[in-house]
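Participant: Got a predicted structure here, sequence first:
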Amino acid sequence: MTVTEDAATTQVPGPEKEVGKARKRKEDARLITGRTTWTDNMVLPGMLHLSVVRSPVAHARITGIDVSAAKESPGVVTVLTGRDLADEQGSIPCAWPVTPDMKNPGHPSIAVDRVNHVGEAVAVIVARSRTAAADAVELVDVDYDLLPPVLDMEEAVREGADLVHDDLGTNTSYHFVFDAGEAGTGGDTEQAFADADVVVSRRFVNQRLIPAFMEPRSVVVQPQGDNFTMWSATQIPHVLRVMLAMVTGIPEHKLRVVAPDVGGGFGGKLQVNPEEVLALLIARRLGKPVKWTETRSESLMTAHHGRDQVQFIDVAADREGNVKGLRVRLLADMGAYLRLITPGVPALGAFMFPGIYKFPAYRFECDGVFTNKVPTDAYRGAGRPEATFAVERIMDELAVELGMDPLELRRKNWIQSQEFPFTTVAGLEYDSGDYDAATQQALDLLGYSELREEQRRRRESNDPVQLGIGFSTFTEMCGLAPSRVLGSLSYGAGGWESASIRMLPTGKVEVVTGSTPHGQGHETAWSQLVADQLGVPFEDVEVLHGDTAVAPRGMDTYGSRSLVVGGTAVVKAADKVIAKARKVAAHLLEASEDDLEFSGGKFSVRGTPGSGLSIQEIALAVFAAHDYPDDVEPTIDADATFDPVNFSFPHGTHVCAMEVDTDTGFVKIRKYACVDDVGTIVNPLIVEGQVHGGLAQGIAQALYEEAVYDADGNLTTGTFVDYLVPSAADLPHFDTGNTVHVAPGNPIGAKGVGEAGCIASTPAVVNAALDAVRHLGVSDIRMPLTPERVWRAIHQGGDGG
Ligand code: MCN
């Protein structure tokens, strides 16, 4: 990894500082060796096990359920159906109504009289062991009266189409429009297109993906009288507690939710799962602890999916390559129901389609469409990868149309470094950056000129293996907050974050954070922040999270928000600790507060730096508190919240060099270089790891992964044999670098990194493959770029799909 810094805009941490150190993650030893408590490891006395009977059909009326044989099965305690739970199950919440008239059919945790996708719960077995529960699933006999499945979005919106929910009278949940002309952030889009010299139009398919987190979903519920504790492999214990209280009627103060160590989520655990509701209802009904852990095939088939859009995108420009307008129309597959933020995912993308370019006019329209498939929702990037893919692909197509170099076209149209802060045509205020600097560094890392030369040689010699180079120059809105925006879009969640710092008498520090890591390394990064602020050793800091009884306030982890929002709350709490400790230090040192300076963790009287009291000594002194005046409290603990006024906007340039074997259709990433700007970097090792993980997922969308349904609505990619998650061996070496432009919106100066690699990489890879074979008449290849699709596109035309 390389880092370049722009002296005018960067904050370079000193060598003695923790921030900026490539610390190995303190949590990793226990995570990697499994010496921790994953939810499924938990065993409680008298605990019962749940197994879910799931619909094998996509769309049907339930005409009868016979559970008698299952009830007789050895070890089975009871079997419950949707009818048994109808009065108490409520509806799984959707917290993001994108339009006032959005149609929401409601989502039962367990189907009562109708199923709308394969895998929907129709009965729950409660048994003394997991195997007894699983065996009895086979004995439940359900009669289905089949209805035609609605599986294709473009069919679903046609006049007279079969309906997923006939009581709604339509398959369209909502029609969301953002028009920059009407919003006052841009000109008249139709006029811009009418006046343009060149218009390029494309239809892209952004295929359905499965989050495929490492640890399957799991939930344990323990009832104690009318109190309940739930352990769940969730990203959102705080939001979940609020939502479960609303859905089940269990008072919030009687419900504690704990996310122990969680093995990945990627947005897939940003959800209120039907099984969490069912576990709670059944534990309440039986007065016994219960556990549900999904199998891997249940996970692929029923945990929410991501992406799944058909994108119609038009770009208008003049002959010189100045972009004049952007028009986007989306069909976004909601699946059968609206889950926590299903409708909001494409709506979030609405603000990112213009990318880093100065489009003077922009119009976005999106239809959220119901189909008989598992619902979609957040998956790493949630709306932003889809938008970035479309704009970065169409910029290449425009360059071809104009006969321009794709990078030159981008340069001509992107925001210049001196123009920040820049308000885009979508109304966002981009904070800081330098797209030229990141691009230059990425080209150097790639060895751009030599590869272009090799491309020319291969083309001239008609080599069966052709070489292409693809770009993605991207930005994203992350650091999800501010509440002033999010709180008005959704109900149930704003965008602030909270932290508490407890100074223990022996000088050790407990940091309580509302951010809930599930693989991001917050314990390490937060310790680095606190070590610097308070001047205490990194090792003396412990970070507590994920338990609503320990960390009562929080908005959890998603949208690359934790450092920018949660980390800042930690810094602010540390500042309050220092302010409180200053009072105590003044009293103990018999000096005025104004005469004290705080440096390297120590208060000393100005002019006598050798003497004084460390903040850790003060923590012990307040424990005794024997001679304090009334206005000095016997604690220096502090709480803080942070709610920024804007998102943060990391950016970067990703460049992929790709070999395409024109005889076989096999593609191979020859080299991948990327330079990301995530503002101040707290931990370079974590940042590089986050970029690597994101790249793996973005490249997987380009080359390997797709959730495929057959004509009856069965998921045909329901195992890891068919759903191709790449391993490290399938991925190239990554050459990564950073430029650093401090984010003005938070005192750390950081921007989020958790989704960057995933958002940026997909179009770079597809653009590279197309660049390799465009001279053979190929102008699109549908993702994922399987050898068969690539071969077909080269030899039979079309997008190979
Ligand atoms: N960081 C840093 N310097 C920066 C930015 C971030 O050192 N300038 C560090 C942070 O301190 C934190 C990590 O990088 O340790 C990620 O920070 P951030 O960008 O704030 O993202 P979040 O912690 O909010 O994580 C959410 C993000 C998302 S949205 C998905 S999806 C995702 C991701 O993180 N899912 C993950 N990374 C994942 N990593 C793992 N292992 N597992 C997942 O499920």
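Facilitator: Perfect, I can see it now.
Participant: and the closest residue in space to Leu563 that isn't next to it in sequence, bridged to which residues?
Facilitator: Excluding the flanking residues, the one nearest Leu563 by C-beta to C-beta, 6 or more residues apart in numbering is Ala750, at 5.1 Å. For glycine as for every other residue, the C-beta is placed from the backbone atoms N, C-alpha and C. Counting by DSSP bridges, Ala750 is bridged to Gly679.
Participant: so how far is the ligand from Ala750?
Facilitator: For Ala750, the distance to the ligand (C-beta to the nearest ligand atom, to the nearest Å) stands at 4 Å.
Participant: Quick check, pLDDT for that residue.
Facilitator: You'll see Ala750 listed with a pLDDT of 98.
Participant: Test my guess that it contacts Gly567.
Facilitator: Yes. Using C-beta atoms under 8 Å, Ala750 is in contact with Gly567, at 6.9 Å.
Participant: and the longest helix seen in the chain, which residues are buried?
Facilitator: If you go by DSSP state H, the chain has its longest helix at helix 568-589. Residues 568-574, 576-578, 580-589 are the ones in helix 568-589 that count as buried (16 or more other C-beta atoms under 10 Å).
Participant: ok, back up a step: what residues do Ala750 and Gly567 have in common as contacts?
Facilitator: Any residue near both Ala750 and Gly567 by C-beta atoms under 8 Å, 6 or more residues apart in numbering counts here, and that gives Val682.
Participant: sorry, back to before: any part of the longest helix of the chain near the ligand?
Facilitator: No. Helix 568-589 is not in contact with the ligand by C-beta under 6 Å from any ligand atom; minimum separation 10.2 Å.
Participant: Quick one: distance of that helix to the chain centre.
Facilitator: 35 Å (C-alpha atoms, centre = their mean, to the nearest Å).
Participant: first to last residue in stretch 727-734, what's the distance?
Facilitator: Between the opening and closing residues of stretch 727-734 lies a distance of 14 Å (C-alpha to C-alpha, to the nearest Å).
Participant: ditto for stretch 359-378
Facilitator: Criterion C-alpha to C-alpha; first-to-last residue distance in stretch 359-378 is 27 Å.
Participant: Stretch 72-85: end-to-end distance?
Facilitator: 20 Å.
Participant: pretty sure Gly521 contacts Glu688?
Facilitator: No. Contact criterion C-beta under 8 Å: Gly521 and Glu688 do not qualify, at 11.4 Å.
Participant: Show me where the stretch 501-650 of the chain has its strands.
Facilitator: Along the stretch 501-650 of the chain, counting by DSSP state E, counting those that start in this stretch, strands occupy 509-513, 541-544, 596-599, 602-605, 613-614, 638-642.
Participant: These: which one's closest to Gly383?
Facilitator: For Gly383, the closest of the strands of the stretch 501-650 of the chain is strand 638-642, at 24.0 Å, according to C-beta to C-beta.
Participant: relative to strand 509-513, how tilted is that closest one?
Facilitator: Relative orientation of strand 638-642 versus strand 509-513 (axes from the mean of the first three to the mean of the last three C-alpha atoms, to 10 degrees): 30 degrees.
Participant: which strands and helices sit next to the helix or strand just after strand 638-642?
Facilitator: Next helix or strand after strand 638-642 toward the C-terminus (DSSP states H and E): strand 651-661. Helices and strands touching strand 651-661, as assessed by 3 or more C-beta pairs under 8 Å, 6 or more residues apart in numbering; DSSP states H and E, comprise helix 435-446, strand 465-475, strand 667-677, helix 756-773.
Participant: What's the mean pLDDT across strand 651-661?
Facilitator: Strand 651-661 comes out at a mean pLDDT of 98.
Participant: Next up, phi/psi of the nearest residue to Pro517 once chain neighbours are set aside, please.
Facilitator: Nearest non-adjacent residue to Pro517, counting by C-beta to C-beta, 6+ apart: Thr557, 6.0 Å away. The phi and psi values for Thr557, taken as degrees, to the nearest 10, are phi -120, psi 120.
Participant: I figured Thr557 hits Gly521, correct?
Facilitator: No. Thr557 is beyond contact range of Gly521, at 11.3 Å (criterion: C-beta under 8 Å).
Participant: more neighbours, those two?
Facilitator: Thr557 (32 against 23; other C-beta atoms under 10 Å).
Participant: what about that one, distance to the ligand?
Facilitator: Thr557 is 5 Å from the ligand, where distance means C-beta to the nearest ligand atom.
Participant: again with Leu504
Facilitator: 23 Å.
Participant: again, but for Ser297
Facilitator: In this view, Ser297 and the ligand are 20 Å apart by C-beta to the nearest ligand atom.
Participant: Contacts only, for that residue.
Facilitator: Counting by C-beta under 8 Å, 6+ apart, Ser297 has contacts Gly718, Thr719.
Participant: swap in the one 4 residues further on?
Facilitator: Contacts were defined as C-beta under 8 Å, 6+ apart; by that measure Met301 touches Arg54, Val118, Gly119, Val374, Leu715, Gly718.
Participant: Next: Ala438.
Facilitator: Ala438 neighbours (C-beta under 8 Å, 6+ apart): Thr473, His651, Gly652, Thr653, Val675, Asp676, Asp677, Thr739.
Participant: And stretch 282-290, what's buried?
Facilitator: Quick answer for stretch 282-290 (16+ other C-beta under 10 Å): Ile282, Ala283, Arg284, Arg285, Leu286, Lys288, Pro289, Val290.
Participant: residues making contact with stretch 722-737?
Facilitator: 1-4, 210, 212, 300, 441-442, 445-446, 669-676, 688, 691-692, 695-696, 699-700, 703-708, 716-717, 784.
Participant: Just the buried ones out of those, please.
Facilitator: Listed as buried from those are 1, 3-4, 210, 212, 300, 441-442, 445-446, 669-676, 688, 691, 695-696, 699-700, 703-707, 717, 784; burial here means 16+ other C-beta under 10 Å.
Participant: What distance do you get for Val323 to the ligand?
Facilitator: Distance from Val323 to the ligand, by C-beta to the nearest ligand atom: 29 Å.
Participant: near the ligand, which residues of the stretch 201-350 of the chain?
Facilitator: Phe213, Gly264, Gly265, Phe266, Gly267.
Participant: could those go into a markdown table alongside pLDDT?
Facilitator: What follows is these, written out as a markdown table (pLDDT from 0 to 100):
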| residue | pLDDT |
| --- | --- |
| Phe213 | 97 |
| Gly264 | 97 |
| Gly265 | 98 |
| Phe266 | 98 |
| Gly267 | 98 |
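Participant: Tell me the most packed of these, by neighbour count.
Facilitator: Busiest of those [other C-beta under 10 Å] is Gly265, holding 30 neighbours.
Participant: residues near Ala702, how many?
Facilitator: As a burial measure, Ala702 scores 26 neighbours (other C-beta under 10 Å).
Participant: for the helix or strand where Glu401 lies, what is the average pLDDT?
Facilitator: In this structure, Glu401 sits in helix 384-402 according to DSSP H and E. Averaged across helix 384-402, pLDDT comes to 98.
Participant: What of stretch 290-309?
Facilitator: Mean predicted confidence for stretch 290-309 is 98.
Participant: What residues of that stretch count as buried?
Facilitator: Those would be 290-294, 298-309, for stretch 290-309 by 16+ other C-beta under 10 Å.
Participant: That'll do, ta.
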